[in-house]
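In: Quick one, structure for this:
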Amino acid sequence: MTSSAPLPRAGRREWIGLAVIALPCLLYSMDLTVLNLAVPLISADLKPSSSQLLWIVDIYGFLVAGSLITMGTLGDRIGRRRLLLIGAAAFGAASVLAAFSTSAEMLIASRALLGIAGATLAPSTLSLIRSMFLDPGQRTFAIGVWATSYSVGAAIGPLLGGILLEYFWWGSVFLLAVPIMVLLLVVGPVLLPEFRDPEAGRLDLLSAAQSLAAVLLVIYGLKKFAENGLGWPPAASMLAGLGVGVLFVHRQRRLTDPLIDLRLFRVPAFSASLGAYTLGTLVAFGIYIFIAQYLQLVLGLSPFQAGLATVPSMAAFIVGSMVVPAIGRRVRPAYLMAAGMVIAAVGFGVLTQVDRTSGLTVLITGSIIYSLGISPVVILATDLIVGSAPVERAGAASAISETSSELGGALGIAIFGSIGTAVYRFAMWDVVPDGLPPETMEAARSTLGGAVAVARQLPGQLSAELLDTARAAFTRAFQLTAAISAAVSLITAIGVLVLLRGVRAGSQLEEQPALERSVQVT
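Out: Presented below is the predicted three-dimensional model:
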C-alpha cells in the first residue's frame, strides 16, 4: 500500500549538517593520497625494511575495508552521530601518533588505528544522510555532495601534501587531519541529529571477527595477486577469505540479531545496484593503475605533472556528481545509469587510441569522458542501496556499499594488473637487448618500471632501444585493458537496464514498509 503523503523535506539545519558530514569524507580520501608523497622521506628517516614499508602503505586500506561492516552495524546500534564523533576523535589522535612516530613499528601501529577509525567515517556519514534527507530528490543530491567530497579530497591531497613536504617534515601530512576533526567534534553535536535502531540487539563479536577476517584475507590475496601473479600464497589467502565468508553468512542466517540482515539482498534495487557499483569501481580502479604509470614512465612526466594531468578527470566526476541528481528527477535510474556506463565505454574506447609518444591529449579526453560516465553509477547506485534499506538498517547498508567499492577496486587492480603484466611480458620476451645479466633481463621483462631502471644503466643506443620497446609493450597492454574496460562497461549497462528497469527514483521508499515487516521476522 503506497501512502500519498509527501515525505518531509530537509531544511537549513540538514544542509549545514551535510557540509559538516563532507569534512571527514574529504579527509578520508586525502589520507589515502598524501602518504605516497611522504614515502621517500619516511624511508630516509625511519629506515623501514621493504616489508615494513609495504605495511606502512597498505595497513590503512586493509583495516578500513575489513572494519566497514562492523562499524556500519555498530552505528545502527549505538547511534550514527556518536560513532562518527568517536571515530573523529580516534582519527585525530591516531594522526598525531603517526605524525610523531619514531620508528617504523610505531608508524604501522598508528596507521592501523587510523584504518579502524577511518572505517567509521563512510558508513556513519552515508547513513546520516539517509536519515536526514527523506525526500528522494534531496537525498540523491546530498549523496552527490557526499561522493564529490571524496573526489575533492583526492584532488587536493597531493597538492596540500606537496606544499607541506616542501617546508616541513614528513609527519606534517598527517596533521592535516587534526583541525578538521577538531572542527567536526565541536560542531557535530550541534548540527548533526542522532539516529539509531531502537530495537537493535547486541553486537555479535564473532560475526564482527569473521567479517574482518573474510574481507582482509580476500583483499590481501587480491593485492598479492596483482603484485606477483596467481600463486599459492594469494590463492590460499583468497580461498581462506571465501571460506570464512561462507561461515559468516551461515552464522547470520541463524542469529536473532545478525551483523548483516541478509534479507536486504532479496530487494532487487539493493542487490542489482550493489553489483553495478562493484563493476563501476572495478573498471575505474583497474584503468587508473595504467594511467598513472603511462603518464610518468611512458610520457616521462614528473609526479606533480602527472597529478595535474589527472585533475580534469576528477573535475569531470565532480561535475557529473552535481548534474546527475537534477537529471535523475526526470529519468529513471536504470536509464541514467545505463547511459552513464555507455558513455564510460566510449571514454575507455578513446583510451585504446593512446600511443607511446604523444597520447596526453587522448588520455585526458578519454579520462574526462569515462569519469563523467561513471558518476551516475556511483551516485544512483549508492542512493538505491541506502534507500532500499529501512532507516534503522541504513548503517549496515552503507557499510555493505562501501565494502563492495573496496572489493571492486581491489579486483580491478588484481585482474587488470595481471592481464596487463601478461601482455607486457609476452611482448618483451624476445626484444630485450642481448648481453644483459639474467636478473637484469628478468627485471626489464617483468614491469615497465624495471625496464626504465635497467635502461638507466645502459649506454645511449641500447638504453633508447630498451625504453622504446618497453614503452610500446606497456602501451599495448594499456590499450587492451581499456578495451576490456569498455566491454565490461557495456555489459554493466545491459545488466542495469534489465534488472533495474522497473525502479523509479524514490520508488524504493514506497516499497519500504513491506521490507520493514520482513526484517522483523526472526
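In: pretty sure residue 60 is touching residue 31, no?
Out: Yes: in this structure, residue 60 is within contact of residue 31 by C-beta atoms under 8 Å, at 7.1 Å. Any C-beta I mention is one placed from the backbone N, CA and C, and that applies to glycine too.
In: any common contacting residues for those two?
Out: Residues touching both residue 60 and residue 31 (C-beta atoms under 8 Å, 6 or more residues apart in numbering) are 114, 118.
In: Could you pull out the strands in the stretch 401-522 of the chain for me?
Out: Taking DSSP state E, counting those that start in this stretch as the criterion, the stretch 401-522 of the chain carries no strands.
In: again with the chain
Out: Counting by DSSP state E, no segments of the chain form strands.
In: and the longest helix anywhere in it, what does it pack onto?
Out: Ordering each helix of the chain by length in residues (DSSP state H) puts helix 460-500 first. In terms of contacts (3 or more C-beta pairs under 8 Å, 6 or more residues apart in numbering; DSSP states H and E), helix 460-500 is packed against helix 268-293, helix 333-351, helix 360-388, helix 394-428, helix 448-455.
In: okay, stretch 409-420 in PDB with CA atoms only?
Out: The C-alpha coordinates for stretch 409-420 follow below in PDB (Å, rounded to 0.1, in the frame of the first residue of the first chain):
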ATOM      1  CA  GLY A 409      38.700  -1.600  -6.600                       C
ATOM      2  CA  ALA A 410      40.900  -4.500  -5.400                       C
ATOM      3  CA  LEU A 411      39.500  -6.800  -8.000                       C
ATOM      4  CA  GLY A 412      40.100  -4.200 -10.700                       C
ATOM      5  CA  ILE A 413      43.700  -3.700  -9.700                       C
ATOM      6  CA  ALA A 414      44.300  -7.500  -9.500                       C
ATOM      7  CA  ILE A 415      42.600  -8.600 -12.600                       C
ATOM      8  CA  PHE A 416      43.600  -5.800 -15.000                       C
ATOM      9  CA  GLY A 417      47.000  -5.600 -13.500                       C
ATOM     10  CA  SER A 418      47.600  -9.300 -14.100                       C
ATOM     11  CA  ILE A 419      46.300  -9.000 -17.700                       C
ATOM     12  CA  GLY A 420      48.500  -6.000 -18.400                       C
END
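In: tell me which residues in that stretch are buried?
Out: By neighbour count with 16 or more other C-beta atoms under 10 Å, stretch 409-420 contains the buried residues 409-418, 420.
In: separation between the residue nearest to residue 305 when sequence neighbours are not counted and residue 58?
Out: In this structure, residue 305 finds its nearest non-sequential neighbour in residue 295, 7.6 Å apart by C-beta to C-beta, 6 or more residues apart in numbering. Per C-beta to C-beta, to the nearest Å, residue 295 is found 23 Å from residue 58.
In: Same check on residue 185?
Out: As judged by C-beta to C-beta, residue 185 and residue 58 stand 28 Å apart.
In: in stretch 338-355, what counts as buried?
Out: Buried positions in stretch 338-355, judged by neighbour count with 16+ other C-beta under 10 Å: 338-352, 354.
In: In this structure residue 184 contacts residue 24, no?
Out: Yes: if you go by C-beta under 8 Å, residue 184 and residue 24 touch, sitting 6.0 Å apart.
In: got any residues that touch both of the two?
Out: Counting by C-beta under 8 Å, 6+ apart, the contacts common to residue 184 and residue 24 are 84, 88.
In: Pull the number of nearby residues for residue 236.
Out: 13 (other C-beta atoms under 10 Å).
In: where does it land on pLDDT?
Out: As predicted, residue 236 sits at a pLDDT of 87.
In: which residues touch it?
Out: Taking C-beta under 8 Å, 6+ apart, one finds residue 221 in contact with residue 236.
In: So it versus residue 224, what's the distance?
Out: Using C-beta to C-beta, residue 236 is found at 10 Å from residue 224.
In: before we move on, what about residue 92?
Out: Distance, residue 92 to residue 224, using C-beta to C-beta: 32 Å.
In: Same check on residue 25?
Out: In this view, residue 25 and residue 224 are 29 Å apart by C-beta to C-beta.
In: Settle it for me: which of the two has more neighbours?
Out: Neighbours were counted for residue 25 and for residue 224 using other C-beta under 10 Å; residue 25 has more, 22 against 19.
In: quick one: the more buried one and residue 154 touch, right?
Out: No: with contacts counted by C-beta under 8 Å, residue 25 stays clear of residue 154, the gap being 10.7 Å.
In: Give the burial count for residue 110, as a bare number.
Out: Residues lying near residue 110 (other C-beta under 10 Å) number 23.
In: which ones are touching it?
Out: For residue 110, the contact set (C-beta under 8 Å, 6+ apart) comprises 94-95, 97-98, 101.
In: go on, residue 499?
Out: 268, 272, 275, 334.
In: again, only using 7 Å
Out: Contacts for residue 499 (C-beta atoms under 7 Å, 6 or more residues apart in numbering) come out as 268, 272.
In: Please shift the residue numbers so they start at 43 in all later answers.
Out: Right, with 43 as the first residue, what we last looked at is residue 541.
In: any idea how far residue 522 is from it?
Out: 28 Å.
In: go on, residue 361?
Out: Distance of residue 361 to residue 522, given as C-beta to C-beta: 29 Å.
In: what stretches of the stretch 443-564 of the chain score poorly on pLDDT?
Out: Scanning the stretch 443-564 of the chain with the threshold set as pLDDT under 70 gives 472-482, 484-485, 502, 545-564.
In: and residue 300, what pLDDT?
Out: Residue 300 is assigned a predicted lDDT (pLDDT) of 76.
In: That one reaches residue 291, doesn't it?
Out: No: applying C-beta atoms under 7 Å as the test, residue 300 and residue 291 come out as separate, 9.6 Å apart.
In: Would you mind telling me which of those two has the busier surroundings?
Out: Between residue 300 and residue 291, residue 300 has the larger neighbour count (other C-beta under 10 Å), namely 21 against 15.
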